[in-house]
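1. I'd like to go over a predicted model; first the sequence, then the structure.
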Amino acid sequence: MTTTDLFLQQAINGLSLGAMYALLALGFTLVYGILELINFSHFNVFMVGSFIALWVLQQFGLSGQDTLLYGLPLVGVLLAAFAVTMLATGVIGVGIERFMLRRLRNVKGPAAMITTIGVSYILFNIILLTVGADSKNFPNPLPPVQWAVGGAVLRLREVLIWIIATLLMLALTFFVQRTKMGRAMRATAQDAEAARMMGVEVDRVIMTAFFLGSALAGAGGLIFGLYYNFTSFLIGFNAGLRAFTAAVLGGIGNVPGAMLGGVIIGLVEAIGGQLIGSAWADVIIFAILVLVLVFRPAGLLGRLAPNKS
Amino acid sequence: MNAIATAFARPFATIPVVRRRQLGLVALTVFILAFPIVHNNDADIDSMANAAAYATLALGLNIVVGFAGLLDLGYAAFFAIGAYFYGVFTSFQVMPLWSDFWTPLATLGLVEKMNQGGPDLVHFTLSFWLALPGAAALAATFGVLFGVPTLRLRGDYLAIVTLGFGEIVPIVARNVDSVTNGAAGLNGVQAPRLFGWSFGIAAWPYYYVGMALVAFLIFVSIRLRDSRIGRAWMAIREDEVAASAMGVNLVQLKLLAFAMGAAFAGLTGVYYVAKLQTATPEMFGFPVSTMILVMVVLGGMGSVWGVVLGAAVLQLLQSWFLPDLTQWTHALGALVGNDWLQRVDFVESIELIFGIVLVVMMLFRREGLIPATRKTPALSFAAQHVAGVQRGGFTGLDRIGRWEQRRGNALEVRGLTVRFGGLTALDKVDVVVPAGGVVAVIGPNGSGKSTLFNVITGLIEAQEGKITFEGADILGLRPHQIVERGIARTFQNIRLFPNLTVLENVLIGQHSRLATGPLGAVLRLGRSRAEETAARRWALDIIALFGNRLAPRANQTVSGLSYANRRRVEVARALATRPRLLLLDEPTAGMNPAETLELAEQIKSLHALGLTILLIEHKLDVVTRLADTVVVLDHGDKIAEGRADEVRRDEAVLRAYLGRAAREAANV
């Protein structure tokens, strides 16, 4: 492989990672935009999502890399897997909001953030204790179709991931921009008190934000499995930190910003890892996070979160 | 039976609280000293020594999270820095070639010449006792380096950045093999020596060193907490803006908290590695940071004894209770023939328990097992009325003495313009406050009055203009520097430190007038002690001005005070900064007519003392009673200035307040 091909290949990989980080970043941004809360439980809602997806695929009799599906059955299985996973993680997110965070909404200080750390830890350890510490093989029913792009290889799974992520992000953008609930959500993000006085049911808006964010994290978890062919109780931390960096890079609270940030972080991880060595990828991502926060806290597209003094 | 119990209980109940605490402390000390002698079990002594390490870590994190309110999720990184510092400089990992450069260090005993069959090499042999302060200083340095760019961030961003930092340090340790031996970890770390005798692998010497460290750090924590430094940290935790407006240098004190917490962790790192005699990257990852946070949360954020208890409880849970519980369950499983009960291992679920502890404590008992602020009961009806309710001016004014005052204009604001995006909040405004004068700023809501105060006190920036105080330019100074110059303020929407007492609030006002640093606070010798005593006396004198409105409530937390009393505490807190110019932002807002009159009298007596006052007020009778000059703002413009009765008849003022139509209607 020539250097150009190597970069092309890493760009393809990076776009796939970026699509996943973008989905995950949207969950951070939706919640932060309204509550100014870094939701650490999001890290492991994503991880649990990948295990739910694994379970769903196993229900269709899929395990390992041997069973391949084509045509309608493939579309059907994938649709079902995404639907069930997203619904399940969405419900988990709503549960976390309804039964824990809502009680702490008017408490000053780090109580809510500490609670999300606790929830994250609980999810992490539930999976560790029930499923075990070894990583699990994730079924991949996609046929091994691939195309040559220059000297690089573009596989069907990458194209599929891009299409699914784009569709989900388009759907979310439509929801936020064009529906009544989306408008209520934007209003609440600007000023929850004013929105409440205008008749917006703020509790429902917040629950919707948690549902959508967590559902997208579930989709991200399924994509992780399809992309890497494995899942483990450990995957939440790294992906979560990257996705949060993506949300901050794009401008936290900003929906298009989270998507842009996700793609950039994915590319940085793939290409930067190639250049400097993947062991240092975390250091690069972290350096980006600190630099953005210190020099451009509003991110690339501007921060759209309430400014509570 | 009951009578016997009372007979035993009664003498104990009659002992004063202070003496009871002392007795408790003595009992605890005796227990800790005697434990290894009485209970000669190496494993248990070792568990206790580990508990000591966790307690010191929890004490350090408590300074950062509990005192200063900065959520640090990567605290273990500083633990790692201390640990690797000792590990590298006492093991055989890094061995440069011997040269004459090392000879003086060899004389000091820090290195020794070594030959393993090649050229002469250097073997580092840093003493444990030197490594303790060395690692503390090194970790504190890293704390400052890391804090300078990040502590300006909002609190929630700080959490994620520290999380990242906590992740980076083990990665670096894993990847810089030549120094740290990578994932395999450092081996052959030297055991501490005392007068030539090596600690070896017995648990008891480490136990005593660990307990001594805990005792030392408890002492340091308590001394810091009860000092000028600790009060400033708690002020930052409660309300950053108010803290800076009361003279607290936010950046400096946050860095200090970070460095102090890091120093505790660095110290512990040395102790822990000396005890284990190995160091691997896994010992310092996110789970460790979380565990320490759990200890702090369980014990009570900000509570010194609480976090020690939290550390002890969790460590004993891990090393004693859960293994025992597992064995009992296995025995039960064998008895009833249940397979699952025989396999279950509760020690593995310790992290699940950590998560549950975090959630449960946050939902049901945020103040922890031993709350940092004790709840003082409200005054009884009798106590409130013991000397009749104070009315009119101040009491005990003679104890305050005359206020230092200079000549000329105290404050000059020239051509001040402030814009928020497209909105011009102040447009070329001039205000002059002569020394010893009282100037009132009035105007409809949104006319820019509070903006004017915020610019003068450095909370927001101006686009154009000049502000001088006693002839010196103060525009662009940070809030605490402006307080140091002699300007103090109150806030329209009261911004006290709600979980601190009246006395503590007023003491924080004196922050910029006191000099005690962290070392002075810990040692509390001569000058610091005298300064603290004088500060308390001055605070009590100020509180006493408000008679029995505040004096009997000096040790109540302000969140429990009435609205009018909270306004009075704000005035007292501002007075405590010894200002030469006092800015009062609607001091009587929300007070009833009697209370308003009382406060107006008090402001008048402050003026009589020689204090210069700039006042925002809506109540015109208060303005007329107090002000020499009245400045009227409307939509950011100054539309009138003059004596109160002149301004009242001014055409522009009437138009601004009543509208042109109303004015014309009144004329007809």
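-> Here it is on my side, so go on. Numbers count the residues shown, from 1 in each chain, chains lettered A, B, ... in the order given.

2. Only C-alpha atoms from now on, for both contacts and neighbour counts.
-> Will do.

3. Which strands and helices lie in contact with the helix or strand harbouring A:Ala171?
-> For A:Ala171, the host element (DSSP states H and E) is helix A:156-178. On a contact count with 3 or more CA pairs under 8 Å, 6 or more residues apart in numbering or on different chains; DSSP states H and E, helix A:156-178 meets helix A:3-35, helix A:180-190, helix A:202-228.

4. Let me know which of the ones you listed is the nearest to chain B.
-> helix A:3-35 (10.3 Å; CA to the nearest CA).

5. Give me the pLDDT for whatever residue of the stretch 251-400 of chain B ends up closest to chain A.
-> At 4.1 Å from chain A, B:Gly355 is the closest residue in the stretch 251-400 of chain B, using CA to the nearest CA. On pLDDT, B:Gly355 comes in at 95.

6. if we can go back for a sec, for the helix holding A:Ala171, buried residues please.
-> The neighbour-count check on helix A:156-178 (16 or more other CA atoms under 10 Å in any protein chain shown) flags A:Arg157, A:Glu158, A:Ile161, A:Trp162, A:Ile164, A:Ala165, A:Thr166, A:Met169, A:Leu172, A:Val176 as buried.

7. SS state for the residue of the stretch 251-400 of chain B closest to chain A?
-> helix (DSSP: H, G, I helix; E, B strand; the rest coil).

8. contacting residues around the helix holding A:Ala171?
-> A:12-13, A:15-16, A:19-20, A:23, A:142-146, A:181-183, A:185-186, A:216, A:223, A:226-227, A:255, A:259 (CA atoms under 8 Å, 6 or more residues apart in numbering or on different chains).

9. go on, stretch B:92-111?
-> B:88, B:112-113, B:119-127, B:178-181, B:186-189.

10. rerun that using 7 Å as the cut-off
-> For stretch B:92-111, contacts defined as CA atoms under 7 Å, 6 or more residues apart in numbering or on different chains pick out B:88, B:112-113, B:120-127, B:179, B:188.

11. By neighbours, which of these wins?
-> In terms of neighbour count, B:Phe124 stands highest of these at 26 neighbours, by other CA atoms under 10 Å in any protein chain shown.

12. Identify the residues contacting it.
-> Taking CA under 7 Å, 6+ apart, we find B:Phe124 in contact with B:Phe89, B:Thr90, B:Ser91, B:Leu110, B:Val111, B:Glu112.

13. switch to 10 Å and redo it
-> Neighbour list for B:Phe124: B:86-96, B:105-106, B:109-114, B:190 [criterion: CA atoms under 10 Å, 6 or more residues apart in numbering or on different chains].

14. Which secondary structure element is home to residue 55?
-> I went with chain A, as the question did not name one. Element membership for A:Trp55, per DSSP H and E: helix A:41-59.

15. Chain B, not that one
-> Per DSSP H and E: helix B:42-61 holds B:Ala55.

16. Helix or strand next in line after that helix, which one?
-> Scanning forward in sequence from helix B:42-61 by DSSP H and E, the next helix or strand is helix B:76-88.

17. Checking that next one against chain A, do any of its residues make contact.
-> No: judged by CA under 10 Å from any CA of the partner chain, helix B:76-88 makes no contact with chain A; its nearest approach is 14.0 Å.

18. show me what contacts the residue of the stretch 251-400 of chain B closest to chain A?
-> Applying CA under 10 Å, 6+ apart, the residues near B:Gly355 are A:114-125, B:290-291, B:294.

19. What separation is there between it and B:Met361?
-> Distance of B:Gly355 to B:Met361, computed by CA to CA, to the nearest Å: 10 Å.

20. what is in contact with the two at once?
-> Common neighbours of B:Gly355 and B:Met361 (CA under 10 Å, 6+ apart) are A:Ile114, A:Thr115, A:Gly118, B:Val294.

21. Name only those of those that count as buried.
-> The buried subset of these - by 16+ other CA under 10 Å - is A:Ile114, A:Thr115, A:Gly118, B:Val294.

22. Now for the shared contacts of B:Gly355 and B:Met361: which two are most distant?
-> Across the shared contacts of B:Gly355 and B:Met361, the two members that end up farthest from each other (CA to CA) are A:Thr115 and B:Val294, 10.9 Å apart.

23. Next, count neighbours for the residue found closest to B:Thr373 once you drop the neighbours it is linked to in the chain.
-> Spatial nearest neighbour of B:Thr373, chain neighbours left out: B:Asn499 (7.3 Å); criterion: CA to CA, 6 or more residues apart in numbering or on different chains. Neighbour count of B:Asn499, defined by other CA under 10 Å: 21.

24. Can you tell me the element B:Asn499 falls in?
-> B:Asn499 is part of no helix or strand, with elements assigned from DSSP H and E.

25. same thing with B:Leu583?
-> Per DSSP H and E: strand B:581-585 holds B:Leu583.

26. What is that strand packed up against?
-> strand B:438-442, helix B:449-456, strand B:487-489, helix B:563-576, helix B:593-609, strand B:612-616 (3 or more CA pairs under 10 Å, 6 or more residues apart in numbering or on different chains; DSSP states H and E).
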